[in-house]
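*Asks:* My questions concern the predicted model and sequence given below.
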Amino acid sequence: MLKLIQADDKKISPEPVQLPEQINKFPSTRFMGSKEKLIEHIWGVASQFNFDSVLDLFSGSGVVSYMFKAQNKQVLSNDYMAFSADITKAMVENNNVTISNKDLKIILNENTPTDNFVSETFKELYFYDDDNAFIDMVRANLKYLEDETKKSLILSALVRACLKKRPRGIFTYTGHRYDDGRKDLRLSLKEQFLVAVEAVNKAVFDNGKNNFSFHGDAMTLDQQADLVYMDPPYYSPLSDNEYVRRYHFVEGLVRNWEGVEMQWHTKTKKFKSYPTPFKTEKGAYEAFDNLFKRHQNSILLVSYSSNSLPNKEDMVDLMKKYKNIVEVISVNHKYSFGNQGHKVGNNKNKVEEYLFVGY
Ligand SMILES: C[S@@+](CC[C@H](N)C(=O)[O-])C[C@H]1O[C@@H](n2cnc3c(N)ncnc32)[C@H](O)[C@@H]1O
């Protein structure tokens, strides 16, 4: 049933395919490992198959899920980080809810008492006092919005504002040492937030499908689709692939720091990372084996990079255990910042990005 569209042509064409205008409305962020620059290639490969539904198991920034939504597929997105799941809830699952001026008035009410959690916990760490107070105000007013989708839109906008106002978009260091005076950094958090609300609102569209956003562990998520896209953290002995360490502030914001193990002694006031098998080579190998087995009845599409382990040959062998045909499409891709390899000199410019496809 799940066959290549060109009947007698077994080879996948590696050519990227131009995407519809809608994709430009996605308010992308500098998310570590984002495939924003590869979505034309991902669609180029995927479009050679007949399929109606897609499961994006490690959705991250949400850009790949959004691309599939724009191609009118039914999209099931998943990530174990709350802030990633929040983004896909707001812009992939959601087909028609937007933030109105009335909602904004509720969110910007300065008279609501706040718990000052951000102002006190993160004082002088990431943002100036006014910006921290603004974040606390939005947090306090969120409970007055009854619609869960609206909450996800507001939080997506707030996260986006925080990432934009933070040099390099990460929370691994404190202070303002990378502040180069760019406009993004000069705008107040409130100004950033208002721009972000508009961007997020504009990104909402209806593709006529019931799309879903899940916030769970990819290893146990009980969902299926015609095509399963996997883009887990790349394991490399040369650099860490720790998402919570980089994004703990916005992750905490979305989950209101509930259910996390705060590491109060740390300078960054981060919390304990979530366990994932992709932290070791053996763990990653076993995890891929489990995932390929679990989704063996679907078309498998995996993003992976040449400097990660397991290596290309092992990945092909693993996939061949479950799929008749496995192909590797190689895409040259230069990482733009702090990804795998950033600590290993000029290696970073030589990374090749692979797409493994099994069918
Ligand atoms: C390479 S990123 C995905 C990037 C995404 N494709 C994009 O284009 O933005 C890997 C993602 O896997 C998530 N992740 C890591 N371990 C996970 C697990 N066990 N279950 C679900 N998500 C996981 C991380 O939170 C991160 O968002």
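*Replies:* That came through, no problem.
*Asks:* tally of neighbours for the closest residue to K320 other than its chain neighbours?
*Replies:* Excluding the flanking residues, the one nearest K320 by C-beta to C-beta, 6 or more residues apart in numbering is V326, at 5.2 Å. From N, CA and C alone the C-beta is placed, and that goes for glycine too. Residues near V326, counting by other C-beta atoms under 10 Å, number 20.
*Asks:* ok, V326 - contacts?
*Replies:* 316, 319-320, 356-358 (C-beta atoms under 8 Å, 6 or more residues apart in numbering).
*Asks:* Just the buried ones among these, please.
*Replies:* For the contacts of V326, a neighbour count by 16 or more other C-beta atoms under 10 Å gives the buried set as 316, 319, 356-358.
*Asks:* among these, which are in strands?
*Replies:* 356-358 (DSSP state E).
*Asks:* any idea how far the ligand is from the spatially most central residue of the chain?
*Replies:* Nearest to the geometric centre of the chain sits G60, at 1.5 Å (C-alpha atoms, centre = their mean). According to C-beta to the nearest ligand atom, to the nearest Å, G60 stands 3 Å off from the ligand.
*Asks:* correct me, but G283 touches P277?
*Replies:* Yes - between G283 and P277 there is a contact at 3.7 Å, judged by C-beta atoms under 8 Å.
*Asks:* Looking at the two, which one has more neighbours?
*Replies:* Using other C-beta under 10 Å, the more surrounded residue of G283 and P277 is P277, with 20 against 14.
*Asks:* who touches the more buried one in this structure?
*Replies:* 219, 283-284, 286-287 are the contacts of P277 under C-beta under 8 Å, 6+ apart.
*Asks:* Narrow those residues to just the buried residues.
*Replies:* 219, 284, 287.
*Asks:* Quick one: check stretch 31-44 for contact with the ligand.
*Replies:* Yes - counting by C-beta under 6 Å from any ligand atom, the ligand has neighbours in stretch 31-44: 31, 33-35.
*Asks:* Can you list the buried residues in that stretch?
*Replies:* Quick answer for stretch 31-44 (16+ other C-beta under 10 Å): 31-36, 38-39, 41-44.
*Asks:* Residues contacting that stretch, please?
*Replies:* 13-19, 23, 28, 60-61, 63-64, 67-68, 71, 169-170, 229, 231, 233-234, 241, 243, 246, 301, 303, 329, 331, 333, 336, 338-339, 353, 355.
*Asks:* Give me the subset of those lying in strands.
*Replies:* Reading strands off the contacts of stretch 31-44 with DSSP E, I get 229, 301, 303, 329, 331, 353, 355.
*Asks:* circling back to that earlier point, out of the contacts of V326, flag the one nearest to the ligand.
*Replies:* Using C-beta to the nearest ligand atom, F356 is the member of the contacts of V326 that lies nearest the ligand, at 14.3 Å.
*Asks:* on that earlier part again, and the two most separated of the contacts of V326?
*Replies:* K320 and V357 (12.1 Å; C-beta to C-beta).
*Asks:* which residues touch the closest residue in space to N78 that isn't next to it in sequence?
*Replies:* Leaving aside its sequence neighbours, N78 sits nearest to F214 (C-beta to C-beta, 6+ apart; 4.1 Å). Applying C-beta under 8 Å, 6+ apart to F214 gives the contacts 76-78, 85, 221, 223.
*Asks:* Which one of the ones in strands among the contacts of stretch 31-44 sits in the busiest neighbourhood?
*Replies:* Y229 (27 neighbours).
*Asks:* who's in contact with it?
*Replies:* Contacts of Y229 (C-beta under 8 Å, 6+ apart): 42, 46, 54-57, 64, 68, 301-303.
*Asks:* In helices, which of those residues appear?
*Replies:* 42, 46, 64, 68 (DSSP state H).
*Asks:* how far away is the second one from the ligand?
*Replies:* The one in question is A46. For A46, the distance to the ligand - C-beta to the nearest ligand atom - is 13 Å.
*Asks:* got a pLDDT number for that residue?
*Replies:* Looking at A46, its pLDDT reads 97.
*Asks:* number of nearby residues for it?
*Replies:* Quick note: A46 (other C-beta under 10 Å) scores 24 neighbours.
*Asks:* correct me, but it touches V302?
*Replies:* No - A46 is beyond contact range of V302, at 11.9 Å (criterion: C-beta under 8 Å).
*Asks:* Pull the most distant pair out of the contacts of F214.
*Replies:* Using C-beta to C-beta, these reach their maximum pairwise distance at A85 and Q223, which is 13.2 Å.
*Asks:* Common neighbours of the two, please.
*Replies:* 78, 214.
*Asks:* Those two: which is more packed in?
*Replies:* A85 (24 against 16).
*Asks:* correct me, but the more buried one touches S65?
*Replies:* No - in this structure, A85 is not within contact of S65 by C-beta under 8 Å, at 10.6 Å.
*Asks:* got any residues that touch both of these two?
*Replies:* 59, 77.
*Asks:* what secondary structure does K143 sit in?
*Replies:* Three-state call for K143 (DSSP: H, G, I helix; E, B strand; the rest coil): helix.
*Asks:* Tally up the residues packed near it, please.
*Replies:* Around K143 there are 10 residues (other C-beta under 10 Å).
*Asks:* same question, V254
*Replies:* 22.
*Asks:* Would you map the helices across this structure?
*Replies:* Going by DSSP H, the chain shows helices at 39-46, 63-70, 82-88, 101-107, 117-121, 129-141, 148-164, 183-186, 189-203, 243-255, 281-294, 312-320.
*Asks:* The shortest one - contacts with which helices or strands?
*Replies:* The reference is to helix 183-186. The criterion is 3 or more C-beta pairs under 8 Å, 6 or more residues apart in numbering; DSSP states H and E, and there are no helices or strands that helix 183-186 contacts.
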